[in-house]
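Undergrad: predicted model follows, preceded by the sequence.
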Amino acid sequence: MEKVVIIRYSEIHLKGKNRGYFERIFAANMEKALKGIRHEIRRRSGRYLVENFEEGDEERIVKRLSKVFGIHSLSIGLKVPSDMNEIFAAAMQVSDESGTFKVETHRADKRFYLTSPQISAEIGGRLLDKNKNLKVDVHEPEFIINIDVREDGSTLVFNKFIKCADGMPVGTAGRGLLLLSGGIDSPVAGHMIAKRGMKIDCLHFHSYPYTNMQARQKVMDLAKILSEYTCGIKVTVISVKHIQEEIHKNCNGAYMVTLLRRFMMRLAERLAIKDGDQCIITGESLGQVASQTIEGMTSSNSVIEKLPVLRPLCGFDKNEIIERSRNIGAYDVSIRPYEDCCTVFLPDYPIIKPKLEDVLAEEAKLDVQGLLDEAFATIEVTEF
Ligand code: ATP
Ligand code: MG
């Protein structure tokens, strides 16, 4: 009797002619997720099996695979030779101690001497004989013993389905640059786009020494959490300290964030094109703060020349974003209290609906090109 992890995948099977391509990337992503754990992944008629791992590693394997996009659900099961005594012994092991149940059998091996209903009835009957705390309920059972008699002479027996991330394998839908702040929203935005199969790079702007090292560490910790879903991640960090000082010195303070955003977007597009990213992703949500009004977005978007800007959270309420942040395990890091560069030189009354012509008039007081080149030279790169 051998422990195995059964992997069921989601949307990939829809991909017709490209199926081979999707599955290759999917398999590589699973291998990456299980790096450092002894295992073998084998493809088996419409699903994958993880086998040959050390006793006790199954929880770790499930935890890591539950973050791989493309997996619909997992089960920890037992693999036994297709023999009724062996199948029964496995069913005993995976059964709950008590409660109502039914047995469901799928028989791929049509040569096996019993039919699916016969197998279910026989194993169910034996379970009832052996454990007086069990009762059959075929309509609303508390658990189901699943028996999968396969063509290769082995049978899989399992009980629970573990719901996983779904989505498409990362790497099958291009590559994008996520503007990653230390806040709640941007990691959620990155997660959503990665779920659709996009490989994610990150760009973070800091204003050290106005912002501190803990703020930077927080962003790195968020990137690391995201990297578990994105099969690794590259984080580029750029200093906007001098840009902020120049805006503070030369421009109407109410435009600080509006102007800074335009610099951020220009730097993002420049980096994206250099690194082969095909879009920019932000955590903006309509109307959430002063810079995220449609006028604010118009102002920051108008400096973008070539790439699309994806704003997956645009129609989300904060509560919905927080729930997603909790689900992906980012929330506790996101709420650490360190200041982001957007709070440096923050005016008492930021412009809420900036008119583009006013923004341009303020920006004209700056050496935009010089400041961009100088900021771009501060690039530092970390990989997870
Ligand atoms: P978040 O929770 O993601 O920080 P927010 O609600 O604080 O978002 P803003 O500060 O207006 O909103 O930022 C909007 C978006 O701009 C962020 O989601 C992020 O994509 C980007 N952004 C803001 N600050 C930074 C930064 N320091 N570095 C990189 N991107 C940033
Ligand atoms: Mg923020």
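TA: Yep, it's here. Ligands and ions are numbered 1, 2, ... in the order given.
Undergrad: what does this protein have sitting close to ligand 2?
TA: Contact residues (CB under 5 Å from the ion) of the chain with ligand 2: 181, 183, 340. Every C-beta, even on glycine, is put in place using the N, C-alpha and C of the backbone.
Undergrad: what does the model give the second one for pLDDT?
TA: Model confidence at residue 183, given as pLDDT, is 93.
Undergrad: and the closest residue to ligand 1 within the stretch 201-350 of the chain, what is it in contact with?
TA: At 2.5 Å from ligand 1, residue 283 is the closest residue in the stretch 201-350 of the chain, using CB to the nearest ligand atom. Counting by CB atoms under 8 Å, 6 or more residues apart in numbering, residue 283 touches 179, 181, 183, 184, 185, 186, 187, 188, 189, 190, 311, 313.
Undergrad: ramachandran angles for residue 184?
TA: Residue 184 adopts backbone torsions of phi -80, psi -30, taken as degrees, to the nearest 10.
Undergrad: so how far is whatever helix or strand residue 357 lives in off the chain centroid?
TA: Using DSSP states H and E, residue 357 maps to helix 356-363. On the basis of CA atoms, centre = their mean, to the nearest Å, helix 356-363 sits 38 Å off its chain's mean C-alpha point.
Undergrad: could you export the next helix or strand after that helix as CSV, CA atoms only?
TA: Going down the chain from helix 356-363, the next helix or strand is helix 368-376, by DSSP H and E. C-alpha atoms of helix 368-376 as CSV (Å, rounded to 0.1, in the frame of the first residue of the first chain):
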residue,chain,number,x,y,z
VAL,A,368,11.2,65.2,-16.3
GLN,A,369,13.7,63.4,-18.6
GLY,A,370,16.7,64.1,-16.3
LEU,A,371,14.8,62.9,-13.3
LEU,A,372,13.6,59.7,-15.1
ASP,A,373,17.2,58.9,-16.2
GLU,A,374,18.6,59.4,-12.8
ALA,A,375,15.9,57.3,-11.1
PHE,A,376,16.3,54.5,-13.6
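Undergrad: which strands and helices sit next to helix 368-376?
TA: strand 234-239, helix 241-250, helix 256-275 (3 or more CB pairs under 8 Å, 6 or more residues apart in numbering; DSSP states H and E).
Undergrad: let me have those in TSV, extended by mean pLDDT, mean neighbour count and distance to ligand 1.
TA: Formatted as TSV, the helices and strands packed on helix 368-376 follow (pLDDT from 0 to 100; neighbours: other CB atoms under 10 Å; distance: least, CB to the nearest ligand atom, whole Å):
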stretch	mean pLDDT	mean neighbour count	distance to ligand 1
strand 234-239	97	20	8
helix 241-250	94	18	11
helix 256-275	96	21	6
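Undergrad: can I get those in a markdown table including distance to residue 98?
TA: Below are the helices and strands packed on helix 368-376 laid out as a markdown table (distance: least, CB to CB, whole Å):
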| stretch | distance to residue 98 |
| --- | --- |
| strand 234-239 | 50 |
| helix 241-250 | 64 |
| helix 256-275 | 57 |
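Undergrad: closest to residue 63 out of those?
TA: Ranking those by proximity to residue 63 (CB to CB) places strand 234-239 first, at 23.3 Å.
Undergrad: contacts for the closest one?
TA: With CB under 8 Å, 6+ apart as the test, strand 234-239 has contacts from 180, 201-208, 216, 219-220, 223, 267, 271, 275, 375-376, 378-384.
Undergrad: tilt between it and helix 256-275?
TA: Orientation check (axes from the mean of the first three to the mean of the last three CA atoms, to 10 degrees): strand 234-239 against helix 256-275 gives 140 degrees.
Undergrad: list the neighbouring strands of strand 234-239 plus their orientation.
TA: In the sheet containing strand 234-239, its partner strands are strand 199-206 (parallel), strand 380-383 (antiparallel), by DSSP bridges.
Undergrad: now check the last one, is it near ligand 1?
TA: No. No part of strand 380-383 sits near ligand 1 under the criterion CB under 6 Å from any ligand atom; the closest distance found is 13.4 Å.
Undergrad: now do that strand, average pLDDT.
TA: 96.
Undergrad: what separates that strand from the chain centre, distance-wise?
TA: Its chain's C-alpha centre and that of strand 380-383 lie 20 Å apart, by CA atoms, centre = their mean.
Undergrad: which residue, other than its chain neighbours, is closest to whatever residue of the stretch 51-200 of the chain ends up closest to ligand 2?
TA: Here the stretch 51-200 of the chain gets closest to ligand 2 at one residue, residue 183, 3.2 Å apart by CB to the ion. Leaving aside its chain neighbours, residue 183 sits nearest to residue 334 (6.0 Å; criterion: CB to CB, 6 or more residues apart in numbering).
Undergrad: the one you found and residue 184 touch, don't they?
TA: Yes. When contacts are counted by CB atoms under 8 Å, residue 334 is listed as touching residue 184 (4.4 Å).
Undergrad: who touches both of those two?
TA: Both residue 334 and residue 184 are in contact with residue 325, where contact means CB under 8 Å, 6+ apart.
Undergrad: doesn't residue 338 make contact with the residue of the stretch 51-200 of the chain closest to ligand 2?
TA: No. Using CB under 8 Å, residue 183 is not in contact with residue 338, being 10.6 Å away.
Undergrad: higher neighbour count, those two?
TA: Using other CB atoms under 10 Å as the criterion, residue 183 and residue 338 rank with residue 183 on top: 19 against 15.
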